[in-house]
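Chemist: Model the structure of this input:
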Amino acid sequence: MTIRSRVVLLLFIFATASSSLAVDLNPEALKSWDDYIAVVKLRIQERVNGARAFLWIDEDPTSSQHLSAGEIFISPLGNSHPLSIPHGLIHHWIGAVFIPGATIEDLGAVVHNYGSYNEIYRPTLVKAELLNATSDEQNFSILWVQRMLFLTAAFYTELDSDYVALNSRQGYMTFSTTRVQQIENYGEKDERRLAPDEGNGYLWRLVSFARFEERDGGLYLELEVIGLSKDLPGSLRFLLKPVIDHVPKQLLTAKLDQTRRAIRSRSARRISSALLPTAR
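Modeler: Residues are numbered from 1 along each chain as shown. The predicted model follows:
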């Protein structure tokens, strides 16, 4: 059996199993998730206060070679991936990219332009809308759809975003879901949003940490993404591990690439504008 045939078979099994093993979010899984995120935040604070390298890529000597070559560098984090917790799985991945000529200003212009998200991140992201904002904090909604052959997973999510500028060259952002609702029968006449924490358990929670630094004539951007989903029986989890590993990596790679393209475009417009002669 070819690799492609195996993946197709695994996706079919995954779709069948996921629809038949629907389960609501378990309090034990939520407790384990909260504990895990608390530990991750402590580690991130070490990067902020200088106890560790600010950027994860600076701890891996091979990453600079990949980034200098224009590649997107992706890796799972933790000793086990996904991490099995009571009644759930935690998926923890990180990725990085270098964008020559770009600045923090370019990044901010892209990240805060929610009206363009459906163009930047299509076809997965359908709509984004700013709900509330202060100078450093924003609350926004995202409607997104992920299709994988036999499976369509659609969600309405609300997220809080915090922006922290450490200095003129470094900063970070935190994105945390405050509401996740699975959309049942997406695109059909009987489409409906389920209540939070109900559904098939493809996604219960999502937290992302973006760190960025201007140096070497451009912008380093890394995105750490942590998600909570339902657990699968041990034998099925082993069988589906190629899919469980492939999907988060694919999604993170695509998001970093799409963000890079948008920042490049914004950077090019900024540079072009600066070169235009001023009217007298």
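Chemist: residues near the closest residue to residue 76 other than its chain neighbours, how many?
Modeler: Excluding the flanking residues, the one nearest residue 76 by C-beta to C-beta, 6 or more residues apart in numbering is residue 93, at 5.4 Å. C-betas here are computed from N, CA, C, even on glycine. Neighbourhood size, residue 93 [other C-beta atoms under 10 Å]: 22.
Chemist: Starting from residue 80, give me the distance back to the closest residue to residue 117 other than its chain neighbours.
Modeler: Counting by C-beta to C-beta, 6+ apart, residue 128 is the residue found nearest to residue 117 once chain neighbours are left out, at 3.7 Å. Noted for residue 128: a distance of 33 Å to residue 80, by C-beta to C-beta, to the nearest Å.
Chemist: Tell me which of those two has more neighbours.
Modeler: residue 128 (20 against 10).
Chemist: what is that one paired to in the beta sheet?
Modeler: Note on residue 128: beta-bridge partners by DSSP bridges are residue 142.
Chemist: OK, contacts around it?
Modeler: Residue 128 sits next to 114-115, 117-118, 140-143 when contact means C-beta atoms under 8 Å, 6 or more residues apart in numbering.
Chemist: Going by neighbour count, which of these are buried?
Modeler: With burial judged by 16 or more other C-beta atoms under 10 Å, the buried subset of the contacts of residue 128 is 114, 117-118, 140-143.
Chemist: so which of those residues comes closest to residue 176?
Modeler: residue 140 (11.7 Å; C-beta to C-beta).
Chemist: from what I can see residue 192 touches residue 186, true?
Modeler: No. Here residue 192 does not reach residue 186: they are 9.5 Å apart, not a contact under C-beta atoms under 8 Å.
Chemist: Okay, helices next: where are they in the stretch 151-280 of the chain?
Modeler: 234-275 (DSSP state H, counting those that start in this stretch).
Chemist: which stretches of it have low pLDDT?
Modeler: Applying pLDDT under 70 to the stretch 151-280 of the chain flags residues 232-246, 276-280.
Chemist: how close does residue 122 sit to residue 48?
Modeler: From residue 122 to residue 48 the distance is 33 Å (C-beta to C-beta).
Chemist: Neighbour count for those two, which is higher?
Modeler: A side-by-side neighbour count of residue 122 and residue 48, using other C-beta under 10 Å, places residue 48 first with 15 against 10.
Chemist: for the protein, what spans make up the strands?
Modeler: Using DSSP state E, the strands found in the chain span residues 73-76, 83-85, 88-100, 125-133, 137-148, 151-165, 170-184, 192-193, 205-215, 218-230.
Chemist: just checking, what packs against the last one?
Modeler: Translated: strand 218-230. helix 27-48, strand 88-100, helix 104-111, strand 205-215, helix 234-275 (3 or more C-beta pairs under 8 Å, 6 or more residues apart in numbering; DSSP states H and E).
Chemist: what pairs with that strand, and is each one parallel or antiparallel?
Modeler: strand 88-100 (antiparallel), strand 205-215 (antiparallel).
Chemist: so which of these is the most packed in?
Modeler: strand 88-100 (a mean of 22; mean count of other C-beta atoms under 10 Å).
Chemist: thinking again about what came up before, let me have the contacts of residue 128 in a markdown table, extended by pLDDT and distance to residue 31.
Modeler: Formatted as a markdown table, the contacts of residue 128 follow (pLDDT from 0 to 100; distance: C-beta to C-beta, whole Å):
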| residue | pLDDT | distance to residue 31 |
| --- | --- | --- |
| 114 | 93 | 32 |
| 115 | 92 | 37 |
| 117 | 96 | 32 |
| 118 | 94 | 35 |
| 140 | 97 | 27 |
| 141 | 97 | 26 |
| 142 | 96 | 26 |
| 143 | 96 | 29 |
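Chemist: So which of those residues is the closest to residue 162?
Modeler: residue 140 (12.3 Å).
Chemist: mind checking how far the closest one is from residue 24?
Modeler: From residue 140 across to residue 24, the span is 26 Å (C-beta to C-beta).
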